[in-house]
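>>> need a 3D model of the following:
(2 chains)
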Amino acid sequence: MNAKAIATQMKVTCRPSVLSQALQVVSRAISSRTTLPILNNILIETTAEGLALTATNLEIGIRKVVPAEVAMEGSTTAPARLLTDFVSTLPDQDLELSLDGATQSLGLRCARFDTHIKCIEAEEFPPGPRPDEGDRLEVPLDELVKAVEQTQMAASTDEARPVLTGVLVQVQAGNLTLAATDGHRLAVRKLPAQGAGDLEASLIVPARALAELARVLKGEPGRVEIIISKARNQIFFKAGNSELTSRLIDGKYPNYSQVIPSKSSTTVRVPTAELTQTVRAVSLFARDSANVIRVKATSGAVTLSATTNEVGDSKAEMSAEVEGSEIQIAFNARYVLDALGVIGEDEVELLFDGPLSPGLLRPPGKEHYLYVIMPVRVAMS
Amino acid sequence: MSGIHRLQQEVADAIAAGEVIERPASVVKELVENALDADARRITVEVRGAGRTSIRVSDDGAGIVADELPLAFMRHATSKVSTLADLHGITSLGFRGEALASIAAVADVTCASGGAQIHLRAGEALEHGSGPLLPGVNIEVTDLFANVPARLKFLKSDATEVAAIRDVVSALALLHPHVKFHLTVDGRLSVGSGGDGDRRRASAAVHGPTVAAEMLEIVGLPLVSGLVSQPRVSRGTRDWIVLAVNGRPIMSRTLVFALEECYQGRLERGRHPIAVLDIGIDPELVDVNVHPSKREVRFRDENTVFAAVQRAVRAALGGSEPFFYRAAPPSPLERNQTGQLATAHEAWSSVAVQDLVVEPAPAGVPLRPLGQVGPGYLVAEGPQGVVLVDQHAAHERILYNRLLARLREGRGMSQPLLMPAAIDVEPALMAAAADHEAALSALGLELVEFGPRSLRILAVPAEMPASRATKAVQETLSALSESRSDEAVEKAAAALACHSAVRFGDVLDLSEQRRLLSDLELADEAVTCPHGRPTRLLIEWQELTRHFRRNY
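Numbering: from 1, shown residues only, chains lettered A, B, ... in the order given. Just a heads-up that it's a prediction; the model follows:
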């Protein structure tokens, strides 16, 4: 009894501003609908680098280490919401955290505050996997974050086919390829990896987990270490003091390469911002028709239009570089906007091969990113 | 065993009477119908001991001439029909001349009219002399079935027999709103209609004011008059459907079907409307002399009647309103126990109806989304109050209407799949896919045969998530193959709408909520989803005002 109480004593000092930021990021892993009360808590542990904060919903886990002076080692779990909200209000003066191991009461002393939060023993917290073993590779952080942003939104949000709610992460020939599709559109992004050697792997990572990656790794320097667990059921992204863990989705990802168009009869080149703004405006008139906008490419111009009987109609013409044959084609505006929002280039290239074949959207003259959209079949007038 | 002989008159009469008089409710029916035939404006029915002890019916109709009183109780004696030709154009409810004779054969009957009175028992006239000078006919039937113990034994519980009597009087009160009906059971008022000719108030007397306020009136249509319930008010049985021809309650599976078909897509499976439908038709075109109890009739042109019923009901349903949340009104039953039975009940039935009549929604004021609660309800503020919306049902309705519009216009809008999916299906479903290829393609679904037992899905309706394609196709084809041919395509559209719609449990952001709500406002028949479940519930401001006692 006594021995344990002493073992779970803890005393550390850190800065509230740093702790608050970390708590907010870590809290992202907490599900609002959890059935396990302990999962509403954040695990707080002392480590050699400082104070480690961990939260999980059993599908994803987020861990951050904040610099702290450790006077006495120990660990506990504190209610995430209360701790985060409280720390965020503190003045940026030294905050001393001290745990009474016997009562699991976490004392927070900072400036004029003397606060106690009731905690639950760290032993109750699910142990979660650790990235100690497995295959490793490294990629530049900013490129990985961009690649995730460019693909993750194309994944399905519908649970009917779980594999499609994930992003396919492929490691092959020293490259990392991310691909996502919901069955109507497809996004593929390639980036070089280091240290992969002859490693080959094909994993499906939940898009929901990847959506947190940018936030978790924000502010960390340089490179991300990706670790794939030996059992091929977990993936770890680690950079500096931050870490994102995710379970992998089991199943076979559809072979997407066959749907990437290999030829085109029309090529259009337009400024990205202008196209985005035009699609957004015209699509307000695409209501009863499932967001469908019509695209017409003629020599030197692209015309977008949409109609809803009860609402009205809208048409906009923009000048564009058009090569090849004229075309009329229709798309779900949302799919187009999703791609334009992440393409990150001043100009965008659209390739068509007739009104019923998939259209391709990509940065002009580059191969690392491509976005395929299946057109909508409508009666053209 | 003795040889063949003619039955004694008494026995023969009892057998014949059995066809007409089965239970106390039959007595009530015959006597009330006689009163209606005599143009009564007020009919009072008093029942004691579930009709076994006594049934008294008095009216203010034409009455029976004193001299003819004994004749009225003779078999085949009537004033309603005289020649064979009359039988082809019967306008009265009765015409066989059997009712009074049949009742007299199985009970003790005292009948007073026109200053005379006659007393009969088991068909024998015991007394005939002068009686009180009252308007119309006063007839009292006691000791029913005393001489037919077998029949007595087969009577159901008191509650059941009383319910049957109530049903008879209720139906006639609904069908004859200009007649004041007053039914008491053991001294307590059971049905009391005002007789002012207003069908809705008659409905309030029978169904209660809450239901009456929700009834839609059929107006200005040939052949059919009456009331039908809004889809949001329904019952678990068909007992609340009253059908009649020229004021005569009838049973007709065909016409019930015609009625219920109009509610398709508005009522859930197993729910039935409340309705009063009177078909006013040239008596020459209908044969009521089919069945001794006259409950079945034959129409010379049933299809016309069928179509007229559907036209009338559909027209009335055009004015359906959304579902309202109402705190339970004080139960009429409690009021009955307060002592002032009849007055309290009458006041409640006539006044309350008007209070509850609902103002139609002002069009064009959009709902303001406030958020999502529970797994899948949207909360919004509208001009009339707080609106709760079942996001799946609402989206299903919007998509269903959209799909049907595309079907009508033959302009499908399909979203081809990046990766066509193959599904294995039974031969029956393969056939359904082939038979309805054109309709499916107008709905946005494109399928091609891919081997003898499998299909390849090339495209789905533009709104459907690709990941649901296989399940949706499976269920759409099942709907096609299992439904009757005239409704198969609509069922298929409903299946597609269901699989394309947001799920109950999906998280919607505010802009998605706003869009769903405004699409719902624009949609026709938005009160229910295509399966008949309600899409929204309105809690009116006045309901909140009442609840929070802000009204004084």
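
>>> can you pull out the low-pLDDT segments for the chain?
Defaulting to chain A. For chain A, residues meeting the criterion pLDDT under 70 lie at A:1-8, A:288-289, A:379-381.

>>> please refer instead to chain B.
For chain B, the stretches flagged by pLDDT under 70 are B:1-3, B:7, B:9-19, B:76-77, B:79-91, B:94-97, B:220, B:291-294, B:319-365, B:552.

>>> for it, give the residue positioned nearest to chain A.
B:A466 (2.2 Å; Cβ to the nearest Cβ). Backbone N, C-alpha and C define where each C-beta goes, glycine included.

>>> skipping adjacent residues, who's closest to that residue in space?
Once flanking residues are discounted, B:A466 sits nearest to A:G183: 2.2 Å by Cβ to Cβ, 6 or more residues apart in numbering or on different chains.

>>> tell me who's in contact with that neighbour.
Applying Cβ atoms under 8 Å, 6 or more residues apart in numbering or on different chains to A:G183 gives the contacts A:S156, A:R161, A:L164, B:L417, B:L418, B:M419, B:P465, B:A466, B:S467, B:A469.

>>> the same query, at a cut-off of 10 Å, please.
For A:G183, the residues meeting the contact criterion (Cβ atoms under 10 Å, 6 or more residues apart in numbering or on different chains) are A:156, A:158, A:161, A:164, A:254, A:374, B:415, B:417-421, B:460, B:464-469.

>>> which residue sits closest to A:S264, ignoring its sequence neighbours?
The spatial neighbour of A:S264 that comes closest, neighbours along the chain excluded (Cβ to Cβ, 6+ apart), is A:L351 at 3.8 Å.

>>> for my notes, confirm the one you found occurs in a helix.
No - counting by DSSP: H, G, I helix; E, B strand; the rest coil, A:L351 falls outside a helix, being strand.

>>> B:R300 versus that one, what's the distance?
From A:L351 across to B:R300, the span is 70 Å (Cβ to Cβ, to the nearest Å).

>>> between the two, tell me which one has more neighbours.
Taking other Cβ atoms under 10 Å in any protein chain shown, A:L351 and B:R300 do not tie; A:L351 has more neighbours (22 against 12).

>>> in the stretch 401-550 of chain B, which spans are helices?
B:427-435, B:437-443, B:469-482, B:485-500, B:510-522, B:541-547 (DSSP state H, counting those that start in this stretch).

>>> same thing with chain A?
Applying DSSP state H to chain A gives helices spanning A:2-7, A:16-26, A:80-89, A:141-152, A:207-210, A:213-217, A:272-282, A:333-340.

>>> of the ones you listed, which is nearest chain B?
Evaluated over the helices of chain A, closeness to chain B peaks at helix A:333-340, with 9.6 Å, by Cβ to the nearest Cβ.

>>> report all helices and strands that that closest one contacts.
Using 3 or more Cβ pairs under 10 Å, 6 or more residues apart in numbering or on different chains; DSSP states H and E, the elements in contact with helix A:333-340 are strand A:185-192, helix A:272-282, strand A:292-298, strand A:301-308, strand A:347-352, strand A:359-362, strand A:369-373.

>>> quick check: B:G265 touching B:T535?
No - using Cβ atoms under 10 Å, B:G265 is not in contact with B:T535, being 11.9 Å away.

>>> could you list the domains of chain B?
With domains defined by automatic domain parsing, chain B comprises B:9-191, B:214-317, B:323-552.

>>> which of the ones you listed sits closest to A:E45?
Checking the domains of chain B against A:E45 by Cβ to Cβ gives domain B:323-552 as the closest, at 32.6 Å.

>>> tell me the contacts of the nearest residue to B:Q117 once chain neighbours are set aside?
Nearest non-adjacent residue to B:Q117, counting by Cβ to Cβ, 6+ apart: B:G131, 2.7 Å away. Neighbouring residues of B:G131 by Cβ under 10 Å, 6+ apart: B:66, B:69, B:110-119, B:138.

>>> JSON lines please, covering those residues and showing secondary structure and neighbour count.
Output for these, formatted as JSON lines (DSSP: H, G, I helix; E, B strand; the rest coil; neighbours: other Cβ atoms under 10 Å in any protein chain shown):
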{"residue": "B:A66", "secondary structure": "helix", "neighbour count": "19"}
{"residue": "B:L69", "secondary structure": "helix", "neighbour count": "24"}
{"residue": "B:T110", "secondary structure": "strand", "neighbour count": "19"}
{"residue": "B:C111", "secondary structure": "strand", "neighbour count": "25"}
{"residue": "B:A112", "secondary structure": "strand", "neighbour count": "24"}
{"residue": "B:S113", "secondary structure": "strand", "neighbour count": "28"}
{"residue": "B:G114", "secondary structure": "coil", "neighbour count": "19"}
{"residue": "B:G115", "secondary structure": "coil", "neighbour count": "14"}
{"residue": "B:A116", "secondary structure": "strand", "neighbour count": "21"}
{"residue": "B:Q117", "secondary structure": "strand", "neighbour count": "18"}
{"residue": "B:I118", "secondary structure": "strand", "neighbour count": "23"}
{"residue": "B:H119", "secondary structure": "strand", "neighbour count": "18"}
{"residue": "B:N138", "secondary structure": "strand", "neighbour count": "19"}
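
>>> could you export those residues as TSV, including distance to A:A55?
Listed next are the contacts of B:G131 as TSV, based on distance: Cβ to Cβ, whole Å:
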residue	distance to A:A55
B:A66	98
B:L69	95
B:T110	89
B:C111	89
B:A112	90
B:S113	91
B:G114	95
B:G115	97
B:A116	97
B:Q117	94
B:I118	94
B:H119	93
B:N138	86
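
>>> coming back round to it: okay, the domains of chain B in CSV with distance to A:A22 next?
Converted to CSV, the domains of chain B look like this (distance: least, Cβ to Cβ, whole Å):
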stretch, distance to A:A22
domain B:9-191, 72
domain B:214-317, 52
domain B:323-552, 26
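
>>> of all those, which one is nearest A:N309?
Smallest distance to A:N309 across the domains of chain B (Cβ to Cβ): 9.0 Å, for domain B:323-552.

>>> before we move on, back to that, what about the residue of chain B closest to chain A, neighbour count?
Neighbours of B:A466 (other Cβ under 10 Å): 26.

>>> isn't it up against A:A154?
No - taking Cβ under 10 Å as the definition, B:A466 is not a contact partner of A:A154, at 11.4 Å.

>>> what do these two both touch?
Common neighbours of B:A466 and A:A154, using Cβ under 10 Å, 6+ apart, are A:L164, A:T181, A:D182, A:H184, A:R185.

>>> how about the nearest residue to the third one, chain neighbours excluded?
To tie it back to what came earlier, the one meant is A:D182. The shortest distance from A:D182 to any non-neighbouring residue, by Cβ to Cβ, 6+ apart, is to A:S156 (3.7 Å).

>>> phi and psi next, for that neighbour.
The phi/psi pair for A:S156 (degrees, to the nearest 10) reads phi -80, psi 150.

>>> list the contacts of A:S98.
By Cβ under 10 Å, 6+ apart, the contact list for A:S98 reads A:9-13, A:71-72, A:74, A:105-109, A:116.
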